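Colleague: I would like to see how this sequence folds:
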Amino acid sequence: SLLMKRKLFLYNFKNLRWAKGRRETYLCYVVKRRDSATSCSLDFGYLRNKMGCHVEVLFLRYISAWDLDPGRCYRITWFTSWSPCYDCARHVADFLRSYPNLTLRIFAARLYFCEDRKAEPEGLRRLHKAGAQIAIMTFK
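Modeller: Model prediction:
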């Protein structure tokens, strides 16, 4: 199914300080092509981590196979249960630099931090510098 079950969404996207038991990252996405003042939805759905591969990398592999037209503008919106880790932020930033006709908005339910608490904020700053818009989701 393209749509996530409501109960699964509410469990994984609830913004908790200590999100015990929530080890997977879910990513809901919308891809639109922008034609001047209007936009056309191309795809939507959701992904989750799979066997050691973070969901952000899975999405990049998915969208890379599309053979995007360099003469058109695209906007991708992500709603993620966790913000990207440092390595994923680096991969996404590199991807954005390779596709200047693509914009990315990321709404994260929670900030991810690993042992090195300085790495993830630096990764998010790198993503922002590459043009990604990043915000924390509200309940609405």
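
Colleague: in the chain, which helix has the most residues?
Modeller: Taking DSSP state H as the criterion, the chain has its longest helix at helix 86-98.

Colleague: What residues of that one count as buried?
Modeller: The neighbour-count check on helix 86-98 (16 or more other C-beta atoms under 10 Å) flags 86, 88-93, 95-96 as buried. Quick note: C-beta positions are derived from backbone N, CA and C, even for glycine.

Colleague: Could you provide those residues in JSON lines, with additional columns for pLDDT and distance to Thr25?
Modeller: Output for the buried residues of helix 86-98, formatted as JSON lines (pLDDT from 0 to 100; distance: C-beta to C-beta, whole Å):
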{"residue": "Tyr86", "pLDDT": "89", "distance to Thr25": "14"}
{"residue": "Cys88", "pLDDT": "93", "distance to Thr25": "9"}
{"residue": "Ala89", "pLDDT": "93", "distance to Thr25": "13"}
{"residue": "Arg90", "pLDDT": "94", "distance to Thr25": "16"}
{"residue": "His91", "pLDDT": "96", "distance to Thr25": "14"}
{"residue": "Val92", "pLDDT": "96", "distance to Thr25": "13"}
{"residue": "Ala93", "pLDDT": "96", "distance to Thr25": "18"}
{"residue": "Phe95", "pLDDT": "96", "distance to Thr25": "17"}
{"residue": "Leu96", "pLDDT": "96", "distance to Thr25": "19"}
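
Colleague: nearest to Met51, of those residues?
Modeller: Using C-beta to C-beta, Cys88 comes nearest to Met51 of these, at 15.6 Å.

Colleague: which SSE is the residue minimising distance to the centre of the chain in?
Modeller: Residue closest to the average C-alpha location in the chain (C-alpha atoms, centre = their mean): Trp78, at 4.1 Å. With secondary structure defined by DSSP states H and E, Trp78 is part of strand 73-80.
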